[in-house]
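Novice: A predicted structure for the sequence below; I have some questions about it.
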Amino acid sequence: MTTFLKMHGLGNDFVIFDARTFSVPVDAASARAIADRKRGIGCDQVIVMEPARSPAAAFMRIFNADGSEVESCGNAARCVGFLMMAEWETDDIQINSTGGPLRCQMAGQDTVTVDMGAPRLDWREIPMAQAVDTQSFALEVPGFTDEPLRTATAVSMGNPHCVLFVDNAETAPVASLGAAIEHHPWFPSRTNVEFVERRAPDVLRMRVWERGAGITLACGTGACAAAVAAIGRGLTNRKVKLILDGGELEIEWRESDSHVLMTGPIRYAFTGEVNIASLVEAQ
């Protein structure tokens with residue numbers, strides 16, 4: 001049996017395994033089985049904490065619900081950062097991911113700020129399949145002629161995002177259009193898709209289609225990408241509140257070094273033990 005911890009950030013939920021001392025056999029098949037909400041534990045992402053070289057406290061591997069391994073996850077970074085800070089008895093710690101280093105700091109009770117680093121705005125860094133002005137480009141999707149597609153924005157926060165500004169996030173076609181854009185040929189690594197409504201110079205409403213997970217209650221890197229896109233277009237201030245289905249995040253795109261800071265809550269759900277091999281066999 002393998003011990004796990006269930007946590008979430010604004011309802012974006014994770015099954016977290018600590019593999020720093022003993023390896024945990026998580027791959028695409030086992031991640032799908034663990035994430036299954038009917039036959040497994042159920043989550044949006046499976047997180048595996050592995051050893052990391054100093055100065056990082058851990059290396060964070062991230063598997064989406066469909067089994068694909070991805071580069072970064074902002075909400076998971078807050079959860080893992082919180083765990084590491086409690087263990088190390090510090091208010092400031094670094095964790096590493098494939099998408100780059102993530103600096104975490106306590107920002108109040110059960111609240112964590114993560115320095116997500118600088119956004120990547122070049123089309124090759126997203127990555128995209130062809131050269132475009134990532135700040136504003138027209139994206140053709142069969143069956144859709146929505147105005148937001150004519151002014152899409154692409155941002156990488158260690159993982160790819162396609163941001164669409166809409167008049168009403170509540171009625172946006174998140175499921176249908178999000179799924180279509182995720183697999184658009186211009187995004188060879190697939191992409192997350194954010195539907196963003198500007199409500200004030202310091203407030204954005206966002207709904208999200210996550211690559212490999214579908215509609216989720218929140219996406220930390222997506223909130224960062226949405227803020228960068230809005231600030232880059234002059235729609236908001238450099239500090240902005242993101243209202244997501246699961247709650248609120250504070251995002252700052254710092255002018256001094258171009259780093260994006262994300263602040264939000266973490267929550268424990270429960271702990272348990274699981275036979276991973278049995279879950280896979282049950283699928």
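Specialist: Nice, I can see it.
Novice: all strands for the stretch 51-200 of the chain, in order.
Specialist: For the stretch 51-200 of the chain, applying DSSP state E, counting those that start in this stretch gives strands covering 58-64, 69-70, 92-97, 100-106, 111-115, 153-156, 160-165, 192-200.
Novice: Just the pLDDT at the residue lying closest to Pro142 once chain neighbours are set aside, thanks.
Specialist: Nearest non-adjacent residue to Pro142, counting by Cβ to Cβ, 6 or more residues apart in numbering: Ala180, 7.6 Å away. C-beta here means a position set from N, CA and C on the backbone, and glycine is covered the same way. For Ala180, the model assigns a pLDDT of 95.
Novice: need the helices for the protein, in chain order.
Specialist: 28-35, 74-88, 174-182, 220-232, 276-282 (DSSP state H).
Novice: Could you tell me the least trusted of these?
Specialist: Among these, helix 276-282 scores lowest, with a mean of 84.
Novice: Where does pLDDT dip in this protein?
Specialist: Judged against pLDDT under 70, the chain has no low-scoring part.
Novice: Tell me the spacing between the closest residue in space to Cys104 that isn't next to it in sequence and Phe270.
Specialist: The shortest distance from Cys104 to any non-neighbouring residue, by Cβ to Cβ, 6+ apart, is to Gly81 (2.8 Å). Using Cβ to Cβ, to the nearest Å, Gly81 is found at 20 Å from Phe270.
Novice: Please give the number of neighbouring residues around Ile41.
Specialist: Other residues lying near Ile41 total 19 when counted by other Cβ atoms under 10 Å.
Novice: Report the contact partners of it.
Specialist: Contacts for Ile41 (Cβ atoms under 8 Å, 6 or more residues apart in numbering) come out as 4, 6, 15, 34-35, 272, 274, 279.
Novice: swap the cut-off to 7 Å and go again
Specialist: By Cβ atoms under 7 Å, 6 or more residues apart in numbering, the contact list for Ile41 reads 4, 6, 15, 34, 274.
Novice: Phe14 now?
Specialist: 7-8, 43-45, 47, 76, 79.
Novice: same thing with Thr216?
Specialist: Per Cβ under 7 Å, 6+ apart, neighbours of Thr216: 12, 44, 208, 210.
Novice: mind putting the residues you listed in CSV, neighbour count included?
Specialist: Below are these laid out as CSV (neighbours: other Cβ atoms under 10 Å):
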residue, neighbour count
Asn12, 30
Asp44, 26
Val208, 31
Glu210, 27
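Novice: Out of the residues you listed, list just those in strands.
Specialist: Among these, the residues falling in strands (DSSP state E) are 12, 208, 210.
Novice: Any idea how far stretch 85-100 is from the middle of the chain?
Specialist: 17 Å (Cα atoms, centre = their mean, to the nearest Å).
Novice: what does it contact?
Specialist: With Cβ under 7 Å, 6+ apart, stretch 85-100 has contacts from 52, 55-60, 62, 71-72, 77, 80-81, 84, 101-106, 117, 158-159.
Novice: Now, of these, which are buried?
Specialist: Neighbour-count burial (16 or more other Cβ atoms under 10 Å) is assigned, among those, to 52, 56-60, 62, 71-72, 77, 80-81, 84, 102-106, 117, 158-159.
Novice: which ones are touching Trp209?
Specialist: 174, 178-179, 182, 192-193, 215.
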